[in-house]
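Q: Predicted coordinates and the sequence they were generated for:
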Amino acid sequence: MEFGNKIKSEWLLDDNVTFLNHGSFGATPIKVLKAKEEIERRLEREPLSFFADEYFVLLKESVSKLSKFIGAKEENLVLVENATTGVNTVLHSLEKELKPGDEIITTNHVYQGVRNTMEYICKKTGAKAIEIDIPFPNADNKLIIEKIRDKINEKTKILIIDHIASPTALIFPIKELIDFCRSKGILTLVDGAHAPGMLDLNLEMIGADFYTGNCHKWMFTPKSCAFLSVSKKWQSMIKPLTISLFYGKSFSEEFAWTGTKNPAPFLSLSPAIDFYNSLNFDNVKDYNHNLVCEATEFICKELNIPEFPDFEMLGFMASIEFPVKVPMNEHLTMELRNHFMKEYKIELSFHILNSKVFFRISSQVYNEIEDYKKLVTAMKDFISKNK
Ligand SMILES: Cc1ncc(COP(=O)(O)O)c(C=O)c1O
């Protein structure tokens, strides 16, 4: 299949919108949505038989197929609605391991929902949430590792690390950090919200104690499909946030039933992976990464923004400093998103890091360089009106 705007019709995406924010919520191909609807219809034809006879078999098949896609052990893997739930599940379950004075460490690139969860758990346990400042855009793997290693001490209990950060799109050197933490007896929780489908994952090789990732961002499943991988050692301690019928049974059984819900997003994993494979993983990776690098270079040159230092640290997204000084307020990122959508029909994501505003672009197989040329034209117009 040839990539670019001509295959956008495989999605329901609005033709009038230049969609440069696949990162926030993904976008599900029509083929996968149809498969999801078929599962829902099957369920509604005979709900009792579906949940009694079919659901658990189909769920196991979905987990098995996912485990191969992300290089995980099937028995370590459970499905959850989203990465937020994955992080909450781990931190709530580990509450009793934490006492006043203990430290949970992360970086300033952390996702706000995870920051809030850390704050909540720390308030309950007396542990302390520590954020390490990682500069952006001038960070490299060596600096990141040094900065985090320097902050780790005998009080550190858990490192929460992004695989791909939300505000900056940086890929973090998680393997080295996990190996270091293991040698010090520190637990590692990876927030891999963006990684499945963007990186060639091998969870076994990564070796984190806990890894959560979304399938609804870059793996093409419908919304509400994510996973949590827990190393064998911790499985008896990690409980779903909702306790239901299989409490006290195995790790996978406890997570397989957390009350009645629509199972179709979980059971759409198979058609989503089939869709992904039909595009060819290596082709998707090359196309999206090359496109986001080319686009970033082009945007920075056209808007006189310093060149991005290290494209190796990017996957399918890039965060670029917004070239206009705008007064800060708590709604600024949403106001800018709304403005670019209303005035220019461009869907972008805005973030604030260290009091600077960044706009984040994404590349997916339905994008092409023309999309970013439209963005540059819009940015130039915005700049001229806001001098
Ligand atoms: C790094 C990171 N973690 C977690 C999340 C939350 O994802 P979800 O809303 O699917 O739980 C996001 C969402 O964009 C994210 O970027």
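A: Noted; the coordinates are in hand. Residues are numbered from 1 along each chain as shown.
Q: Near the closest residue in space to residue 281 that isn't next to it in sequence, how many other residues are there?
A: Using CB to CB, 6 or more residues apart in numbering and skipping the chain neighbours, the partner closest in space to residue 281 is residue 200 (7.0 Å). C-beta coordinates here come from the backbone N, C-alpha and C atoms, glycine included. By other CB atoms under 10 Å, the residues close to residue 200 number 12.
Q: Kindly provide the distance from residue 200 to residue 140.
A: Distance, residue 200 to residue 140, by CB to CB, to the nearest Å: 21 Å.
Q: With residue 17 instead?
A: 35 Å.
Q: And the strands in the stretch 251-387 of the chain?
A: 317-321, 346-347, 349-353, 356-362 (DSSP state E, counting those that start in this stretch).
Q: quick one: low-confidence ranges for the stretch 51-200 of the chain?
A: Nowhere does the stretch 51-200 of the chain drop to pLDDT under 70.
Q: Tell me the residues of it that contact the ligand?
A: Residues of the stretch 51-200 of the chain lying near the ligand by CB under 6 Å from any ligand atom: 82, 83, 84, 111, 113, 114, 162, 166, 191, 193, 194.
Q: mind redoing it with 5 Å?
A: 82, 83, 84, 111, 166, 191, 193 (CB under 5 Å from any ligand atom).
Q: Could you count how many residues lie near the residue lying closest to the fifth one once chain neighbours are set aside?
A: Computed as CB to CB, 6+ apart, the closest residue to residue 166 that is not its neighbour in sequence is residue 111, at 4.5 Å. Residue 111 is flanked by 20 other residues according to other CB under 10 Å.
Q: hang on, residue 111 packs against residue 162?
A: Yes: the criterion here is CB atoms under 8 Å, and residue 111 meets it with residue 162 at 7.1 Å.
Q: Give the intersection of the neighbour lists for those two.
A: Common contacts of residue 111 and residue 162 (CB atoms under 8 Å, 6 or more residues apart in numbering): 191, 193.
Q: Give me the neighbour count for the nearest residue to residue 306 once chain neighbours are set aside.
A: Excluding its sequence neighbours, the residue lying closest to residue 306 (CB to CB, 6+ apart) is residue 300, at 6.9 Å. Per other CB under 10 Å, the neighbour tally for residue 300 reads 17.
Q: pretty sure the residue nearest to residue 281 contacts residue 284?
A: No: using CB under 8 Å, residue 200 is not in contact with residue 284; the gap is 10.6 Å.
Q: which residues in the stretch 151-300 of the chain form helices?
A: Applying DSSP state H, counting those that start in this stretch to the stretch 151-300 of the chain gives helices spanning 174-184, 203-206, 251-256, 264-267, 269-279, 281-302.
Q: List the buried residues of the fifth one.
A: Translated: helix 269-279. In terms of neighbour count (16 or more other CB atoms under 10 Å), helix 269-279 has its buried residues at 269, 270, 271, 272, 273, 275, 276, 279.
Q: and it, what other elements does it pack with?
A: If contacts are counted by 3 or more CB pairs under 8 Å, 6 or more residues apart in numbering; DSSP states H and E, helix 269-279 sits against helix 30-45, helix 55-69.
Q: Run the angle between the last one and helix 30-45 for me.
A: Looking back up the chat, that one is helix 55-69. Counting by axes from the mean of the first three to the mean of the last three CA atoms, to 10 degrees, helix 55-69 lies at 160 degrees to helix 30-45.
Q: Run through who's touching helix 55-69.
A: Residues outside helix 55-69 that contact it (CB under 8 Å, 6+ apart): 72-74, 77-79, 196, 201, 215, 219, 227, 252, 256, 263, 266-267, 269-270, 273, 276.
Q: And for stretch 276-285?
A: Residues from elsewhere that reach stretch 276-285, judged by CB under 8 Å, 6+ apart: 1, 3, 69, 197, 198, 200, 219, 220, 365.
Q: Tell me how many other residues crowd residue 318.
A: The tally of other residues near residue 318 (other CB under 10 Å) stands at 26.
Q: so who does the closest residue to it other than its chain neighbours touch?
A: Distance criterion CB to CB, 6+ apart; nearest residue to residue 318, sequence neighbours excluded, is residue 296 at 4.4 Å. Contacts for residue 296 were tallied using CB under 8 Å, 6+ apart; they are 308, 311, 314, 318, 320, 361.
Q: That'll do, ta.
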